[in-house]
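Colleague: Just a sequence and a predicted model for now, questions to come.
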Amino acid sequence: MMLKKLSLYYRTVKYLKWKQIGYRLFYMLRGRYRKFTGFAYKKFAPANRHDLELDPSIPSYSSYLGSNTFKFLNQEKKFKDEIDWNYDGYGKLWTYNLNYFDYLQQSGMERETGLSLIRDYINHWESLKDGLEPYPISLRGINWIKFLTRHEIRDKEIDQNLRAQYHILQDHPEYHLMGNHLLENGCSLLFGAYYFRDAALLQQAVNILLDELNEQVLEDGGHFERSPMYHQILLYRLLDCYNLVSQNTWPADTCKSHLLHALQKMLGWLRKMTFSDGTIPLLNDTSPGITPNSQALLEYADRLGLQGTDQPIKECGYRTWQRGQTELVLDVGPVGPDYIPGHAHSDTFSFVLYHKGRPVIVDPGTSTYEKNDRRQMERSTRYHNTVMVHEREQSEVWGGFRVGRRAKITELEEKPGTLRAVHDGYARWGISHERTWKFEEDKLMVHDRLKGAKSSDKAAAFFHFDPDVKVTQKNGYLEAGNLKIRFAGANDIQLESYEFCMGFNKRTPAQKISIRFSNQLETTIEI
């Protein structure tokens with residue numbers, strides 16, 4: 001058992017960058033030394049703030065309900081006497097949201113209410129825990145600066161505490177994690193630099209932003225973690241950064257052109273990945289109600305004078321097809337960047353289908369970040385519109401945010417209306433999964449072939465339907481809404497139920513089908 005666990009860890013950590021490993025060790029050893037010496041960050045630091053000009057951004061979702069009552073991730077909490085900024089009754093992500101202060105940007109947030117919340121937070125400084133980690137500091141710093149700027153608030157104590165928080169962030173950028181966390185650190189350091197006109201903050205921000213924009217924004221404009229939700233989150237953050245550097249003359253242009261280049265590509269990607277009803281596919285870690293929607297982001301970009309480029313989607317591994325009233329998104333790419341696949345699912349060759357502006361075949365989405373059975377199931381192969389062999393995962397998802405072995409695309413062939421791809425997720429059993437999509441005027445054909453499989457090998461294909469789609473079994477076919485689905489090569493077809501994710505901690509019953517087959521299955525969806 002111990003050997004298996006060590007092997008799993010090895011298959012996971014071998015993909016990490018040496019920089020990640022080095023910073024993990026450095027932060028761990030430094031933390032132990034500081035604990036031994038009694039080191040503590042100061043509550044206040046000398047601060048010389050400067051007024052900023054910012055165009056209106058996007059209002060956040062209303063999460064502060066008044067009277068010390070907050071609602072995040074569809075879970076509400078009222079604090080009776082005073083706010084417990086470390087409250088963990090709903091998990092760490094809820095605590096993080098409490099500490100982000102996004103609610104300062106919600107419509108109707110009054111000046112005095114926001115100030116009261118900020119001052120209460122500062123008064124509890126000595127007891128803060130999760131809120132003083134680099135990621136919540138990054139988001140909170142931007143939210144405080146936007147709020148203070150909008151209301152023209154000049155408060156020495158708040159500014160000095162905010163500068164102290166930026167000392168922590170300067171001291172602990174998340175190089176051990178990389179990915180979206182590090183990019184958020186860079187964006188926040190940029191806001192802090194402009195707010196305090198601090199050259200050291202600026203240099204650190206620019207160094208991070210230039211490196212990470214080049215690394216994280218793919219040539220087709222997609223974010224390299226392959227989550228449409230995180231693409232929207234980071235697009236929103238970078239739009240705010242562009243707003244900042246465009247409206248303020250200090251300093252000389254340092255990263256505006258790089259932001260512009262990244263934003264144009266990201267906007268083009270978002271347009272292509274947004275369905276006609278305004279929604280995005282719930283691929284990988286994506287959940288409704290977390291980030292501004294595509295329309296709000298595109299309107300914000302338009303106010304800033306930004307338009308997206310029209311490059312084809314390729315490098316991210318997704319493909320978008322549209323014919324008549326049918327829209328498709330296909331996944332023929334890697335699970336994510338090798339060294340940070342924490343938001344990846346075991347979903348190679350999954351796809352999403354919309355018809356007449358409505359979802360039909362969907363990705364079930366994400367409803368939790370807690371490291372539990374639910375999280376494991378939502379990341380699993382059987383929870384996506386793809387094929388599972390021998391009840392095994394294509395990619396070895398585990399531990400909430402970890403991936404060991406991961407499926408890789410070994411063949412990819414594209415022609416107009418046809419796409420064929422092969423992955424090696426089952427190679428250790430001598431099997432390769434080949435899936436071919438053929439999109440014709442009145443039907444979509446999905447052909448699955450298990451190369452190297454024997455007749456005794458067991459496989460299953462899964463298709464998940466939107467909660468509003470009623471699926472019924474007919475004589476020789478399935479009826480899903482106004483679509484007909486036929487299978488050739490099926491040994492058994494089962495109509496099952498699953499829970500579709502309406503948001504974090506919010507699910508609703510829906511239907512799925514499981515099709516057992518041996519080595520070939522041809523699915524025809526009549527449109």
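Modeller: Done, it's in.
Colleague: so what are the domain limits for this protein?
Modeller: 45-303, 318-526 (automatic domain parsing).
Colleague: Next, format the ones you listed as CSV and append mean neighbour count.
Modeller: C-beta coordinates here come from the backbone N, C-alpha and C atoms, glycine included. Output for these, formatted as CSV (neighbours: other Cβ atoms under 10 Å):
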stretch, mean neighbour count
domain 45-303, 19
domain 318-526, 18
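Colleague: Which of the helices or strands spans the nearest residue to Glu174 once chain neighbours are set aside?
Modeller: Leaving aside its sequence neighbours, Glu174 sits nearest to His181 (Cβ to Cβ, 6 or more residues apart in numbering; 4.2 Å). His181 belongs to helix 179-196 when elements are defined using DSSP states H and E.
Colleague: tell me the average confidence for the helix or strand following that helix?
Modeller: Downstream of helix 179-196, the next assigned helix or strand under DSSP H and E is helix 199-216. For helix 199-216, mean pLDDT is 96.
Colleague: what mean pLDDT would you report for the helix or strand following helix 199-216?
Modeller: Next helix or strand after helix 199-216 toward the C-terminus (DSSP H and E): helix 228-247. The average pLDDT for helix 228-247 rounds to 97.
Colleague: and the angle for helix 228-247 with helix 199-216?
Modeller: 140 degrees (axes from the mean of the first three to the mean of the last three Cα atoms, to 10 degrees).
Colleague: Other residues contacting whichever helix or strand comes after helix 228-247?
Modeller: Beyond helix 228-247 on the C-terminal side, the first helix or strand identified by DSSP H and E is helix 256-273. Helix 256-273 is contacted by residues 209-210, 213-214, 217-223, 228, 231-232, 234-235, 238-239, 241-242, 245-246, 280-281, 294, 297-298, 301, 306-311, 313, 316, 318, 320, 329 when judged by Cβ atoms under 8 Å, 6 or more residues apart in numbering.
Colleague: and helix 256-273 with helix 199-216, angle?
Modeller: Going by the same axes, to 10 degrees, helix 256-273 makes 40 degrees with helix 199-216.
Colleague: on that earlier part again, on contacts alone, who are the packing partners of the helix holding His181?
Modeller: helix 134-150, helix 156-171, helix 199-216, helix 228-247 (3 or more Cβ pairs under 8 Å, 6 or more residues apart in numbering; DSSP states H and E).
Colleague: which strands and helices sit next to the shortest one?
Modeller: Other helices and strands packing on helix 156-171, by 3+ Cβ pairs under 8 Å, 6+ apart, are helix 111-123, helix 134-150, helix 179-196, helix 199-216.
Colleague: same check, this time on the last one
Modeller: The contact analysis (3+ Cβ pairs under 8 Å, 6+ apart) places helix 228-247 against helix 134-150, helix 179-196, helix 256-273, helix 294-303.
Colleague: among these, which is nearest Leu412?
Modeller: Counting by Cβ to Cβ, Leu412 lies closest to helix 256-273 out of these; the figure is 18.8 Å.
Colleague: same question for the closest one, mean pLDDT?
Modeller: Mean predicted lDDT for helix 256-273 stands at 97.
Colleague: roughly how far is that helix from the heart of the chain?
Modeller: When distances are taken as Cα atoms, centre = their mean, to the nearest Å, helix 256-273 is centred 17 Å away from the chain's centroid.
Colleague: repeat for stretch 37-52
Modeller: Chain-centre distance of stretch 37-52: 31 Å, with Cα atoms, centre = their mean.
Colleague: what residues does it touch?
Modeller: Contacts for stretch 37-52 (Cβ under 8 Å, 6+ apart): 33, 122, 125-126, 132, 145, 149, 152, 154, 156-157, 159-164, 167-168, 171, 194-197, 244, 247-248, 250.
Colleague: Quick check: which ranges of the chain have low pLDDT?
Modeller: 252 (pLDDT under 70).
Colleague: I'd like the distance between the residue of it positioned farthest from its centre and Lys484.
Modeller: In the chain, the residue that sits farthest from the middle, by Cα atoms, centre = their mean, is Asn475; the gap is 41.2 Å. For Asn475, the distance to Lys484 equals 12 Å [Cβ to Cβ, to the nearest Å].
Colleague: swap in Glu225?
Modeller: 36 Å.
Colleague: so what's the spatially most central residue of the chain up against?
Modeller: Residue closest to the average C-alpha location in the chain (Cα atoms, centre = their mean): Tyr230, at 3.2 Å. By Cβ under 8 Å, 6+ apart, the contact list for Tyr230 reads 180, 223, 285-286, 343.
Colleague: ok, now which ones touch the residue nearest to Thr524 when sequence neighbours are not counted?
Modeller: Leaving out its chain neighbours, the residue that sits closest to Thr524 by Cβ to Cβ, 6+ apart is Arg486, at 4.7 Å. For Arg486, the contact set (Cβ under 8 Å, 6+ apart) comprises 476-478, 523-524, 526.
Colleague: Kindly report the same for Trp125.
Modeller: 43, 161.
Colleague: 6 Å - rerun?
Modeller: Residues in contact with Trp125, defined by Cβ atoms under 6 Å, 6 or more residues apart in numbering, are Lys43.
Colleague: Same question for the one 5 residues further on.
Modeller: Asp130 sits next to Thr95 when contact means Cβ under 6 Å, 6+ apart.
Colleague: export the helices and strands packed on helix 228-247 to TSV and tack on distance to Met2?
Modeller: Below are these laid out as TSV (distance: least, Cβ to Cβ, whole Å):
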stretch	distance to Met2
helix 134-150	33
helix 179-196	30
helix 256-273	43
helix 294-303	48
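Colleague: Not counting stretch 460-469 itself, show me its contacts.
Modeller: Around stretch 460-469, the neighbours that count as contacts under Cβ under 6 Å, 6+ apart are 359-362, 364, 382, 385, 387-388, 471, 480-481, 500, 508, 510-516, 521.
Colleague: mind checking the end-to-end distance for it?
Modeller: 22 Å (Cα to Cα, to the nearest Å).
Colleague: and what of stretch 250-260?
Modeller: Its first and final residues considered, stretch 250-260 spans 18 Å by Cα to Cα.
Colleague: and it, how far from the chain's centre?
Modeller: The answer for stretch 250-260 is 26 Å, by Cα atoms, centre = their mean.
Colleague: same check, this time on stretch 419-433
Modeller: That offset, for stretch 419-433, works out to 26 Å (Cα atoms, centre = their mean).
Colleague: As PDB, could you dump the C-alpha coordinates of that stretch?
Modeller: In PDB, the C-alpha atoms belonging to stretch 419-433 read as follows (Å, rounded to 0.1, in the frame of the first residue of the first chain):
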ATOM      1  CA  LEU A 419     -12.100  15.300 -36.600                       C
ATOM      2  CA  ARG A 420     -10.200  12.100 -35.600                       C
ATOM      3  CA  ALA A 421      -8.000  11.900 -32.500                       C
ATOM      4  CA  VAL A 422      -6.300   9.200 -30.400                       C
ATOM      5  CA  HIS A 423      -5.200   9.300 -26.800                       C
ATOM      6  CA  ASP A 424      -3.000   7.000 -24.700                       C
ATOM      7  CA  GLY A 425      -4.900   7.100 -21.400                       C
ATOM      8  CA  TYR A 426      -5.400   3.300 -21.400                       C
ATOM      9  CA  ALA A 427      -2.000   2.400 -22.900                       C
ATOM     10  CA  ARG A 428      -1.000   0.500 -19.800                       C
ATOM     11  CA  TRP A 429      -3.600  -2.100 -20.800                       C
ATOM     12  CA  GLY A 430      -2.500  -2.100 -24.400                       C
ATOM     13  CA  ILE A 431      -5.500   0.000 -25.600                       C
ATOM     14  CA  SER A 432      -5.700   3.300 -27.300                       C
ATOM     15  CA  HIS A 433      -9.000   5.200 -27.600                       C
END
